[in-house]
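Trainee: Quick one: sequence and predicted model below, then my questions.
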Amino acid sequence: MNTMNAAHLRHGSNIGQKLTRREGMLKVTGAAHYAADHHPPGMLYAVLAVSAVARGRVTALDVAAAKAHAGVVAVMTPENVPQLALHPDEKSNPFAFRLDVLQDSRVRYANQPIAVVIGESLEAATEGALLLAPAYEREDVSVTFESAERFVPAAVGVGSPPREGHGDVEAGLRDAARRVDVTYETPAHYHNAIEPHAVVAQWHGDQLELDMPCQGMAIAQGRLAELFGIAPQNILIRSPYLGGGFGGKGLVAGPLVLGILAAKLVGKPVKLVMRREQLYGPVGHRGMTRQRLRLGADAAGGLTAIDHHVLTASSRFDDFFEPSGGVTHTLYAAPALQTRYEAVRVDTGTPLFVRAPGEASGSVALEGAIDELAEACGMDPLAFRLKNYAEVEPLSGKPFTSKALRECYAQGAARFGWENRKLAPRSMTDSAGLLTGWGVGTATFPAHMFMAAARAEIRADGSGLVEIGAHDMGQGAWTALAQIAADGLSLEMERLEFRMGRSDLPDAGIAGGSAHTATAGSAIHGATGAAIAALAEIAMRDETSPLFGAGNAGVVARGGHLFRRDDESRGESYAAILTRAGRDSVEGRGEGAASQAVMEQYAAHAHGAVFAEVKVDPELGQIRVTRLVGAFAAGRVINPLMVESQYLGGMIWGVSLALLEEAIMDARTGRPMNGNLADYHVPVNADIPSVEAILVHEHDPLINVLGIKGVGEIGITGTAGAIVNAIWHATGVRVRAMPVTLDKVLGHL
């Protein structure tokens with residue numbers, strides 16, 4: 001019996017259940033150990049000293065004063081940092097970004113590490129770092145679009161062309177009955193996970209042992225192996241729990257490499273934990289954008305052309321350009337469309353992946369422009385979107401593996417009460433006299449899949465074991481992947497041992513791109529199917545088994561038993577099969593990856609619609625989001641409780657993008673002015689009075705063996721646009737620079 005047949009003959013009830021987090025009790029009782037909770041014997045503490053200037057050179061450090069301080073063991077500078085096997089500016093793959101690890105005295109951005117002080121206590125190391133008193137040779141800085149020269153990047157995102165499109169855009173705009181030409185701006189955003197980047201590093205000869213929050217352990221192993229000149233299997237990473245990641249812990253960051261180098265320098269275990277303000281620079285952020293959209297529509301409201309020009313920024317020393325135009329490729333049907341990019345280089349750390357990279361910033365601009373064109377056509381915004389609904393992917397012309405966006409619009413609008421919306425702006429008020437506005441935004445995110453492997457085992461006592469090096473940064477992987485594993489082995493969850501969060505387990509790929517459940521889950525599905533098939537093979541060859549000779553008919557797994565498919569009264573338990581065979585266990589291995597044939601023929605996306613209500617004080621300009629309803633379709637749902645949580649989190653971040661969140665840089669010095677969670681504003685409970693997520697049914701037999709699409713990033717992509725549109729509907733004021741703060745509205749009310 002082959003693995004594929006076995007996989008199709010399993011029946012379980014774990015998938016689709018609203019199970020609570022398997023690790024939840026550990027977290028709320030403090031028994032879940034995060035990276036910085038580890039304290040190996042003899043451990044020392046490392047503290048970063050970071051640059052107070054954004055461009056220039058360190059000319060002096062008072063190393064003697066720092067080393068003389070009580071409890072300071074060593075000071076690591078460019079003069080004594082252990083040599084790496086690969087220069088940190090070398091890039092061996094598209095996910096290898098340049099690092100600042102004390103390779104020289106050059107300063108490329110504010111908060112760049114310039115030294116590491118290692119002490120017997122955190123206090124000693126912190127005080128030693130303050131004693132370094134660095135001196136600088138300063139150079140002029142550039143941190144704005146206006147202060148740097150524009151150029152066309154070679155690629156945006158991860159290898160996408162800087163110009164794509166089809167049709168004659170200029171002719172489509174020229175012939176349009178209605179046109180808009182608008183520019184939207186989004187500022188730089190920082191991840192700000194509650195758990196900061198941290199590492200506890202121990203060397204044992206050429207063996208490296210690490211506790212660190214990590215969204216991609218195999219990627220980190222490979223990068224560190226290159227840097228230190230050791231085999232990847234010599235590096236053990238433990239990362240069972242992450243206190244948030246949002247893309248910021250997907251790749252190896254320079255400060256973590258410095259923690260490892262510090263351990264090498266002193267020959268003892270070292271812990272390095274970054275302070276909150278130090279995260280604004282060396283560990284990535286979402287790059288700022290200025291997006292011009294030119295849209296045209298015919299007299300009936302059908303799009304004739306879309307031109308989406310993106311100006312974005314990267315650092316002076318590396319290349320990552322926010323791919324904000326990607327949403328324009330996928331959402332609305334137009335006979336002509338194009339996306340174009342320009343960029344500038346500024347004196348900041350390199351922008352990198354932040355939740356929905358490109359889609360988050362691009363969707364707020366596109367959804368705002370679509371609303372403005374709907375207004376110009378005199379159409380209801382939802383009706384305009386339905387008029388221009390894309391039955392195939394607009395850029396490629398490929399059919400979708402599945403698309404339930406119409407159902408999302410319908411269910412979301414019904415729950416929200418959209419039919420009661422008045423068309424004209426500033427036409428709705430509440431009983432308190434507050435201006436009320438309703439807006440809609442379309443949500444979308446690609447259905448990615450990466451590569452993963454898993455191992456499954458059925459034991460002689462009838463229990464199961466599944467191993468995969470997966471990552472849980474709060475999205476529920478400990479639970480959802482275990483549900484897939486238990487379902488695959490047809491066991492109750494209590495009979496399953498599930499292991500993840502270590503790099504010495506099979507590679508689960510990266511927890512990013514909203515692909516982890518689909519990728520790791522497909523590998524688990526394959527491994528459990530292989531284990532069931534191996535067990536069935538043993539039984540069907542055993543003349544004393546009731547399953548003997550069932551090869552042609554096949555067997556089915558259910559509740560820890562195998563049954564003949566043609567006669568389910570004949571079966572036996574896993575334990576009986578293995579015990580009689582004298583086996584302690586039987587195992588199976590599986591892999592997960594996207595089908596190249598499917599990806600070549602189809603476009604794969606999750607979709608949704610978000611409806612927002614805002615209320616604006618006409619005298620003060622104060623803006624409140626009072627209701628959010630999002631309806632999302634993302635294939636098969638493994639755990640509705642976890643999926644709803646992801647949707648709600650994404651929508652809340654959309655509120656942040658629309659109303660609160662921005663990194664403010666001092667244009668004179670290049671330093672972040674709000675590098676803390678007091679001044680860098682994010683939503684709190686009082687900002688989110690009512691938020692609801694609807695899980696729209698969607699069956700997708702093509703996307704992968706489990707029919708799963710990702711849910712982690714889609715929620716942010718429709719929400720900010722819906723809120724911006726609702727503010728216009730409430731006030732008649734169209735604000736195109738995020739975040740929409742009261743000062744941008746008040747002067748126009």
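Mentor: Yep, it's here.
Trainee: what mean pLDDT does stretch 430-448 have?
Mentor: The average pLDDT for stretch 430-448 rounds to 97.
Trainee: cool, and stretch 484-494?
Mentor: Mean predicted lDDT for stretch 484-494 stands at 96.
Trainee: ditto for stretch 512-523
Mentor: For stretch 512-523, the per-residue pLDDT averages 97.
Trainee: any idea how far that stretch is from the chain center?
Mentor: 12 Å (CA atoms, centre = their mean, to the nearest Å).
Trainee: Please save the CA atoms from that stretch in PDB.
Mentor: Output of stretch 512-523 as PDB, limited to C-alpha atoms (Å, rounded to 0.1, in the frame of the first residue of the first chain):
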ATOM      1  CA  GLY A 512       6.900  33.800   7.300                       C
ATOM      2  CA  GLY A 513       4.900  34.800   4.300                       C
ATOM      3  CA  SER A 514       1.700  33.400   5.900                       C
ATOM      4  CA  ALA A 515       3.000  30.000   4.700                       C
ATOM      5  CA  HIS A 516       4.000  28.100   7.800                       C
ATOM      6  CA  THR A 517       0.900  26.100   8.500                       C
ATOM      7  CA  ALA A 518       0.500  25.100   4.800                       C
ATOM      8  CA  THR A 519       4.200  24.200   4.400                       C
ATOM      9  CA  ALA A 520       4.900  22.500   7.700                       C
ATOM     10  CA  GLY A 521       1.400  21.000   7.700                       C
ATOM     11  CA  SER A 522       1.900  19.400   4.300                       C
ATOM     12  CA  ALA A 523       5.100  17.900   5.400                       C
END
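Trainee: Same question for it: list its buried residues.
Mentor: Of all the residues in stretch 512-523, those buried under the rule 16 or more other CB atoms under 10 Å are 512-523. All C-beta atoms are positioned from the backbone trio N, CA, C, and that covers glycine.
Trainee: okay, those in JSON lines with secondary structure and distance to T479 next?
Mentor: Below are these laid out as JSON lines (DSSP: H, G, I helix; E, B strand; the rest coil; distance: CB to CB, whole Å):
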{"residue": "G512", "secondary structure": "coil", "distance to T479": "19"}
{"residue": "G513", "secondary structure": "coil", "distance to T479": "20"}
{"residue": "S514", "secondary structure": "coil", "distance to T479": "17"}
{"residue": "A515", "secondary structure": "coil", "distance to T479": "18"}
{"residue": "H516", "secondary structure": "helix", "distance to T479": "13"}
{"residue": "T517", "secondary structure": "helix", "distance to T479": "10"}
{"residue": "A518", "secondary structure": "helix", "distance to T479": "16"}
{"residue": "T519", "secondary structure": "helix", "distance to T479": "17"}
{"residue": "A520", "secondary structure": "helix", "distance to T479": "13"}
{"residue": "G521", "secondary structure": "helix", "distance to T479": "12"}
{"residue": "S522", "secondary structure": "helix", "distance to T479": "17"}
{"residue": "A523", "secondary structure": "helix", "distance to T479": "17"}
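Trainee: Cross-check the contact I'm expecting between S656 and Y680.
Mentor: No. If you go by CB atoms under 8 Å, S656 and Y680 don't touch, sitting 10.1 Å apart.
Trainee: Show me the helices in the stretch 601-749 of the chain, by range?
Mentor: 640-659, 714-731, 742-746 (DSSP state H, counting those that start in this stretch).
Trainee: okay, the angle between the longest one and helix 714-731?
Mentor: Per axes from the mean of the first three to the mean of the last three CA atoms, to 10 degrees, the angle that helix 640-659 makes with helix 714-731 is 50 degrees.
Trainee: Now do the buried residues in helix 640-659.
Mentor: Those would be 642-659, for helix 640-659 by 16+ other CB under 10 Å.
Trainee: What of the shortest one?
Mentor: By neighbour count, and taking 16+ other CB under 10 Å as the criterion, the buried residues in helix 742-746 are 744-746.
Trainee: ok, now the second one?
Mentor: By neighbour count, and taking 16+ other CB under 10 Å as the criterion, the buried residues in helix 714-731 are 714-731.
Trainee: list the contacts for D566?
Mentor: By CB atoms under 8 Å, 6 or more residues apart in numbering, the contact list for D566 reads 550, 553.
Trainee: In which helix or strand does it reside?
Mentor: Using DSSP states H and E, D566 maps to neither a helix nor a strand.
Trainee: ok, it to Y574 distance?
Mentor: Here the criterion is CB to CB, to the nearest Å. By it, D566 lies 20 Å from Y574.
Trainee: Likewise for H189?
Mentor: H189 is 50 Å from Y574, by CB to CB.
Trainee: Between those two, which has more neighbouring residues?
Mentor: Between H189 and Y574, Y574 has the larger neighbour count (other CB atoms under 10 Å), namely 29 against 26.
Trainee: so A171 is in which element?
Mentor: Here A171 is assigned to helix 169-174, by DSSP H and E.
Trainee: ok, so of the buried residues of helix 742-746, who is nearest A35?
Mentor: K744 (40.2 Å; CB to CB).
Trainee: residues touching that closest one, list them.
Mentor: Counting by CB under 8 Å, 6+ apart, K744 touches 733, 735, 737.
Trainee: Pull out the buried residues from those.
Mentor: Here, 16+ other CB under 10 Å leaves 733, 735 buried among these.
Trainee: Save the contacts of K744 as a markdown table, and put in distance to G559 and pLDDT too.
Mentor: Putting the contacts of K744 into a markdown table (distance: CB to CB, whole Å; pLDDT from 0 to 100) gives the following:
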| residue | distance to G559 | pLDDT |
| --- | --- | --- |
| V733 | 61 | 97 |
| V735 | 58 | 98 |
| A737 | 59 | 98 |
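Trainee: quick check: domain ranges of the chain?
Mentor: As assigned by automatic domain parsing, the chain contains the domains 35-140+197-279, 143-191+284-351+367-392, 398-448+594-749, 450-593.
Trainee: Tell me which of these lies nearest to A360.
Mentor: domain 398-448+594-749 (4.9 Å).
Trainee: distance between the ends of that closest one?
Mentor: By CA to CA, to the nearest Å, the extent of domain 398-448+594-749 from end to end equals 45 Å.
Trainee: Same check on stretch 669-684?
Mentor: Terminal-residue distance, stretch 669-684 (CA to CA): 31 Å.
Trainee: go on, stretch 343-357?
Mentor: End to end - CA to CA - stretch 343-357 spans 16 Å.
Trainee: pLDDT of that stretch, averaged?
Mentor: 98.
Trainee: so how far is that stretch off the chain centroid?
Mentor: Chain-centre distance of stretch 343-357: 15 Å, with CA atoms, centre = their mean.
Trainee: and if you look at stretch 184-195?
Mentor: 13 Å.
Trainee: Any buried residues in that stretch, and which?
Mentor: Neighbour-count burial for stretch 184-195 [16+ other CB under 10 Å]: 184-193, 195.
Trainee: again, but for stretch 62-82
Mentor: In stretch 62-82, counting by 16+ other CB under 10 Å, buried: 63, 66, 69, 72-77, 81.
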